[in-house]
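**Q** just to be clear, the model below is a prediction. Sequence and coordinates:
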Amino acid sequence: MKKRNALYIYAKNDRASQQLREELGTAIDAQGLEVVTSPEEASIIVSVGTDGSFLQAVRKTGFRQDVLYAGISTSGSLAMYCDFLLEDLHFPDMATAILQDRVEVRKYPVIEVSVNEEPQFYCLNEFSIRSNIMKTIAMDVKIDDIHFETYRGDGIVISTPTGSSAYNKSLGGAVVDPQMPCFQVTEVASMNNNEYRSLGSPFILSGNRTLRLELHDDWNDYPTMSTDNEALSIQHVNTIDIRLSERVVKTVKLKDNSYWEKVKRSFL
């Protein structure tokens, strides 16, 4: 059963990370919060490490809708999902805000993905698909069951607004405000000729839209797919359906730490 003001610390399963987890737990206990050993008991789930650790914490705990997530960076610098440094002086402020019910909540959109019409899984950053061999991949792209383009190239990346500043940005995609309920489709090195014709530039779909990728038969054996920072291994992929989920990831929001302040801090 979830406990009020109970905090679970997610860390990698190596010796150094687990030792750090114990030390951090002691420090958090001193702030008046209860550290629990199971995420099911927690009302707050904190990752320790990098943005990758935060993504894993959200995924491993099932994209919980009844908890707050927070990230503590051990790299010496803040990131998109890590709002606190390990030695951050503002961490006591967060503890005080939680104990006094003064926490502001930031909500990050999530996309849901279904492969071959099987049960969906969720992505906070992005979903990507590429060929697993040294050749391009081909697929039909449909928006709301209407054929939009026939794509051939190195792959496609579908990103959430928060994920738009990650892999998507490196491909020339737009950085999108997470208050906009939408997702972005970005092609990787698309080919355009008489047989294959695609837009060739990123496009953004409303949260009410559904995207379907239908892989051509010669390209659907073991494509390389990833959800956030984890790989998927599925043979004979025929269809992939992507839409904006009703789920969101709720994180702690402190003063002077909006999404655009995070973007500025990371890139400018």
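**A** Structure's in. What do you need? None of the values given here were measured: they were computed from a predicted structure.
**Q** can you pull the pLDDT of the closest residue to L85 other than its chain neighbours?
**A** Leaving aside its sequence neighbours, L85 sits nearest to S73 (Cβ to Cβ, 6 or more residues apart in numbering; 5.4 Å). Backbone N, C-alpha and C define where each C-beta goes, glycine included. Model confidence at S73, given as pLDDT, is 85.
**Q** distance check, S73 against D51.
**A** 8 Å (Cβ to Cβ, to the nearest Å).
**Q** overlap in contacts of the two?
**A** 79, 82 (Cβ atoms under 8 Å, 6 or more residues apart in numbering).
**Q** which neighbouring elements make contact with the helix or strand hosting R247?
**A** Element membership for R247 (DSSP states H and E) is strand 239-253. If you count contacts as 3 or more Cβ pairs under 8 Å, 6 or more residues apart in numbering; DSSP states H and E, strand 239-253 packs onto strand 68-73, helix 91-99, strand 104-115, strand 126-130, strand 182-188, strand 210-215.
**Q** make CSV out of the ones you listed and add mean neighbour count and distance to L85.
**A** Listed next are these as CSV, based on neighbours: other Cβ atoms under 10 Å; distance: least, Cβ to Cβ, whole Å:
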stretch, mean neighbour count, distance to L85
strand 68-73, 24, 5
helix 91-99, 17, 8
strand 104-115, 18, 18
strand 126-130, 23, 26
strand 182-188, 23, 30
strand 210-215, 19, 37
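**Q** looking at these, which is nearest to L199?
**A** strand 182-188 (7.3 Å; Cβ to Cβ).
**Q** any idea how far the closest residue to D241 other than its chain neighbours is from N238?
**A** Among residues not flanking D241 along the chain, S114 sits closest, at 4.5 Å (Cβ to Cβ, 6+ apart). Going from S114 to N238 by Cβ to Cβ gives 12 Å.
**Q** overlap in contacts, these two.
**A** Common neighbours of S114 and N238 (Cβ under 8 Å, 6+ apart) do not exist.
**Q** average pLDDT across the strand holding R247?
**A** Averaged across strand 239-253, pLDDT comes to 95.
**Q** heads up, I number from 37, so please use that
**A** Yep, numbering from 37; the last one is strand 275-289 now.
**Q** distance check, the nearest residue to Q67 once chain neighbours are set aside against S109.
**A** Residue nearest to Q67 in three dimensions, not counting chain neighbours: A131, with 3.7 Å by Cβ to Cβ, 6+ apart. Taking Cβ to Cβ as the measure, A131 falls 17 Å from S109.
**Q** can you check G61 too?
**A** From G61 to S109 the distance is 17 Å (Cβ to Cβ).
**Q** re the thing from before, now the helices and strands packed on strand 275-289 in TSV, with distance to L268?
**A** Below are the helices and strands packed on strand 275-289 laid out as TSV (distance: least, Cβ to Cβ, whole Å):
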stretch	distance to L268
strand 104-109	23
helix 127-135	34
strand 140-151	7
strand 162-166	9
strand 218-224	17
strand 246-251	14
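**Q** minimum distance to V285: which of these has it?
**A** strand 140-151 (4.4 Å).
**Q** indicate each strand paired with that closest one and its parallel or antiparallel sense.
**A** Strand 140-151 has the following strand partners under DSSP bridges: strand 157-159 (antiparallel), strand 275-289 (antiparallel).
**Q** deepest in the core, which of those is it.
**A** strand 157-159 (a mean of 21; mean count of other Cβ atoms under 10 Å).
**Q** residue contacts, the residue nearest to D277?
**A** 156-157, 276-278.
**Q** which of those residues sits closest to R95?
**A** F157 (8.7 Å).
**Q** bridged to that closest one, which residues?
**A** Beta-bridge partners of F157, as defined by DSSP bridges: V149.
**Q** R57 reaches I45, doesn't it?
**A** Yes: between R57 and I45 a contact is recorded at 5.1 Å, counting by Cβ atoms under 8 Å.
**Q** so what sits against both of the two?
**A** Common neighbours of R57 and I45 (Cβ under 8 Å, 6+ apart) are V84.
**Q** of the two, who's got more company?
**A** I45 (24 against 18; other Cβ atoms under 10 Å).
**Q** R245 reaches R279, doesn't it?
**A** Yes: R245 lies in contact with R279 (Cβ under 8 Å); the separation is 7.3 Å.
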